[in-house]
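Q: This is the structure alone, sequence omitted:
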């Protein structure tokens with residue numbers, strides 16, 4: 001009985017030692033083993049044997065792709081505008097031995113490296129350039145990270161800039177600038193449309209009417225349009241006028257000699273058009289022939 005007990009004790013000790021030496025590594029993970037404080041080998045997924053008291057499992061980490069969220073940080077553009085920028089980094093461990101022994105706190109190292117690279121990249125761009133150059137920013141940051149982390153045993157797969165937030169006052173100024181550009185384009189288009197319409201009217205009415213009559217027609221039309229717009233004004237007032245007096249005023253306007261400067265100030269004639277005839281005679285011109293002359297002789301007078 002004593003001999004059986006004496007044999008069972010070493011057997012149980014050996015069995016317990018063997019069971020404690022078994023280490024299971026999950027799929028997608030790797031582990032490092034040190035023997036007497038020095039790196040010995042790397043453990044792959046599955047069942048592995050580690051000698052207790054002689055060897056130790058120092059680290060077990062995943063070799064799958066990992067995501068690192070970089071919190072928003074301030075960066076200054078080349079035109080001295082401070083913006084808030086944040087990014088997401090996708091990376092994975094390629095060599096667990098280097099990732100463990102070459103760098104301490106690899107997550108913090110990647111985060112700080114991304115921040116400094118982002119600030120440096122944005123510092124070479126103007127504010128408006130950063131909004132449509134996010135792909136270029138991602139490529140530059142990825143290239144710099146890939147070069148800096150080549151000795152760490154990791155691989156930075158992608159860098160995605162999520163948000164670029166300028167100050168509120170800068171956004172308001174940009175909105176005002178866009179609104180002014182839109183109004184400018186609208187004014188240019190309206191002026192071009194007016195010039196084209198005048199040119200078409202002159203072209204269509206020229207065979208039946210003289211240039212002076214066409215100008216009178218355009219002036220009368222502008223007068224009627226202005227009256228119509230005045231009636232739509234919210235502060236417009238009702239004025240009772242004699243229809244006959246208004247017709248006479250319009251007829252008088254139609255009979256008034258027209259100067260080309262009335263319709264086209266500063267000599268801005270429609271494209272391809274010439275200043276119409278009529279209106280004030282040129283300075284220094286001679287009066288037309290005919291009629292009574294102060295110094296001329298006439299027949300039939302006594």
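A: All right, it came through fine. For clarity, every value in this text was computed on a predicted model and none was experimentally measured. Residues are numbered from 1 along each chain as shown.

Q: From here on, just use CA atoms for contacts and neighbour counts.
A: Will do.

Q: burial of residue 136, as a residue count?
A: Applying other C-alpha atoms under 10 Å, we find 12 residues neighbouring residue 136.

Q: Please tell me how far it sits from residue 116.
A: Distance, residue 136 to residue 116, by C-alpha to C-alpha, to the nearest Å: 16 Å.

Q: can you check residue 135 too?
A: Going from residue 135 to residue 116 by C-alpha to C-alpha gives 18 Å.

Q: Same question for residue 66.
A: Distance of residue 66 to residue 116, given as C-alpha to C-alpha: 21 Å.

Q: and what of residue 56?
A: Residue 56 sits 37 Å away from residue 116, taking C-alpha to C-alpha as the criterion.

Q: between those two, who's got more neighbours?
A: In this view residue 56 and residue 116 are compared by other C-alpha under 10 Å, and residue 56 has more residues nearby, 19 against 12.

Q: which secondary structure element contains the more buried one?
A: For residue 56, the element it lies in under DSSP states H and E is strand 55-62.

Q: Just list what that strand packs against, helices and strands only.
A: When contacts are defined as 3 or more C-alpha pairs under 8 Å, 6 or more residues apart in numbering; DSSP states H and E, strand 55-62 sits against strand 29-35.

Q: Return the list of strands paired to the strand it packs on, each annotated with direction.
A: According to DSSP bridges, strand 29-35 forms sheet pairs with strand 38-43 (antiparallel), strand 55-62 (antiparallel).

Q: what's across from the nearest residue to residue 159 once chain neighbours are set aside in the sheet?
A: Computed as C-alpha to C-alpha, 6 or more residues apart in numbering, the closest residue to residue 159 that is not its neighbour in sequence is residue 89, at 4.7 Å. Residue 89 forms beta bridges with residue 68, residue 159, as assigned by DSSP bridges.

Q: Could you report the pLDDT at residue 89?
A: On the pLDDT scale, residue 89 is placed at 92.

Q: thought it was touching residue 146?
A: No: the criterion here is C-alpha atoms under 8 Å, and residue 89 misses it with residue 146 at 11.7 Å.

Q: residues shared between the contacts of these two?
A: Both residue 89 and residue 146 are contacted by residue 156, under the criterion C-alpha atoms under 8 Å, 6 or more residues apart in numbering.
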